[in-house]
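S.K.: Fold the following, please.
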Amino acid sequence: MRAQSNWGFAAVLAGLVWSVTAMAQDTSANPAFGPGEQSQYRVKYLGVTAGTAQVTVGAPMKQFGEEVWPIIALARSQDVIGVWPIKDKFVSYWQAGVQRVLGSDLHADENGKRRRQRIKMQADGKGALVVKQKEGEQPRESTRELELGTMDVTGATFALRNRELEVGRDYAYPVFTGSKTFTMRAKVEAREMMNTELGPREVFKLRVQAEFGGSLTSKRDMFVYLTTDPNHVPVRVEAEFALGTMVAEITDYKPGRIMELARAGNDG
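M.R.: Here you go, the predicted structure:
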């Protein structure tokens, strides 16, 4: 088993499976999540725990001259036979007011080999600057034309969380990984109960189509389970790739400050 491929997927899961005025404006734009939200996941490969993933919505900050919420995904491997040591960090820069991704940063440390990738979306939203660098090498720059509204996988997942989900409805988002573009499609198939480490939760079952390619080529559609409450928290992701079956299960969840404030207001 090659962990570089496996933990590329873990970073993806961490996707699927944040000033006063700005926060006030963003509350209505982002009903499902807010700064301070954090989710923890256990990632299994072929039924064996292979590592963990953590997704955190950080405090509002400036990036590329704009106000953004950094959505930070951390992937860590465990000491499992055949799995290389992995420590990856992926940051997606979310513009809450306009519901779009401004760009992203990837810092990958896989089997002692380090590489970086930065994507900066153009102001018109129709293209991106991509900078890739392997340890010991000079950075390589390229530009890509993109469909208006293109996001990364993290941005597409969080945008989906903000939608009103209904059984039978379809949703689609153009996605750019830095190398590949595709349309991520999701259909809400059912509403059901699921036992989780957070306790029983009512969830939406979504069938998700994505085209990652290579070792992450899907043998069948992925299934993502989001809670039916306003947070729409991803509690489980199931995927069967060319490299094998992988599952991410939630183990802990803390809501963001926007959701806490809203809940306090309702209680008052």
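
S.K.: any idea of the mean pLDDT in the helix or strand encompassing residue 40?
M.R.: Assigned by DSSP states H and E, residue 40 falls within strand 38-45. For strand 38-45, the mean per-residue pLDDT is 92.

S.K.: List the buried residues for it?
M.R.: Within strand 38-45, the residues scored as buried using 16 or more other CB atoms under 10 Å are 39-45. Glycine gets a C-beta too; all of them are placed from N, C-alpha and C.

S.K.: Partner strands of whatever helix or strand comes next after it and their direction?
M.R.: The element immediately downstream of strand 38-45 (helix or strand, assigned by DSSP H and E) is strand 48-57. Paired with strand 48-57 in the same sheet, following DSSP bridges, are strand 38-45 (antiparallel), strand 66-77 (antiparallel).

S.K.: Output these as TSV; include the columns distance to residue 31.
M.R.: Output for these, formatted as TSV (distance: least, CB to CB, whole Å):
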stretch	distance to residue 31
strand 38-45	17
strand 66-77	14
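
S.K.: Indicate which one of the ones you listed is closest to residue 190.
M.R.: strand 38-45 (21.9 Å; CB to CB).

S.K.: who touches whatever helix or strand residue 207 lives in?
M.R.: Assigned by DSSP H and E, residue 207 belongs to strand 199-209. Strand 199-209 is contacted from outside by 16, 165, 167, 184-194, 218, 221-229, 232, 235-236, using CB atoms under 8 Å, 6 or more residues apart in numbering.

S.K.: next one: stretch 227-237
M.R.: By CB under 8 Å, 6+ apart, stretch 227-237 touches 13, 16-17, 31-33, 39, 157, 160-162, 165, 191, 194, 196, 198, 201-204, 222-226, 247-250, 253, 255, 259.

S.K.: Span of that stretch from start to end?
M.R.: 12 Å (CA to CA, to the nearest Å).

S.K.: Pull out the buried residues from that stretch.
M.R.: Residues 227, 231-237 are the ones in stretch 227-237 that count as buried (16+ other CB under 10 Å).

S.K.: Report the mean confidence score over that stretch.
M.R.: Computed over stretch 227-237, the average pLDDT equals 95.

S.K.: Can you give me the buried ones in the strand holding residue 207?
M.R.: Buried, per 16+ other CB under 10 Å, within strand 199-209: 201, 203-208.

S.K.: Kindly present those as TSV, with separate columns for distance to residue 51 and pLDDT.
M.R.: Listed next are the buried residues of strand 199-209 as TSV, based on distance: CB to CB, whole Å; pLDDT from 0 to 100:
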residue	distance to residue 51	pLDDT
201	23	97
203	23	98
204	26	98
205	25	97
206	24	96
207	25	94
208	21	92
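
S.K.: Between these, which sits nearest residue 101?
M.R.: Nearest to residue 101 among the buried residues of strand 199-209: residue 208, at 17.9 Å, using CB to CB.

S.K.: Out of the buried residues of strand 38-45, which is nearest to residue 121?
M.R.: Within these, the smallest distance to residue 121 is 24.9 Å, found for residue 39 (CB to CB).

S.K.: Write down the beta-bridge partners of the closest one, one by one.
M.R.: For residue 39, the beta-bridge partners are residue 55, residue 253 (DSSP bridges).

S.K.: give the contact list for it.
M.R.: By CB under 8 Å, 6+ apart, the contact set of residue 39 is 17, 54-56, 233-234, 250, 252-254.

S.K.: Can you tell me which of those residues is closest to residue 74?
M.R.: The closest of the contacts of residue 39 to residue 74 turns out to be residue 54 (CB to CB; 4.6 Å).

S.K.: Residue 40 is in contact with the closest one, correct?
M.R.: Yes. Taking CB atoms under 8 Å as the definition, residue 54 is a contact partner of residue 40 at 5.4 Å.

S.K.: Fine, thanks again, bye for now.
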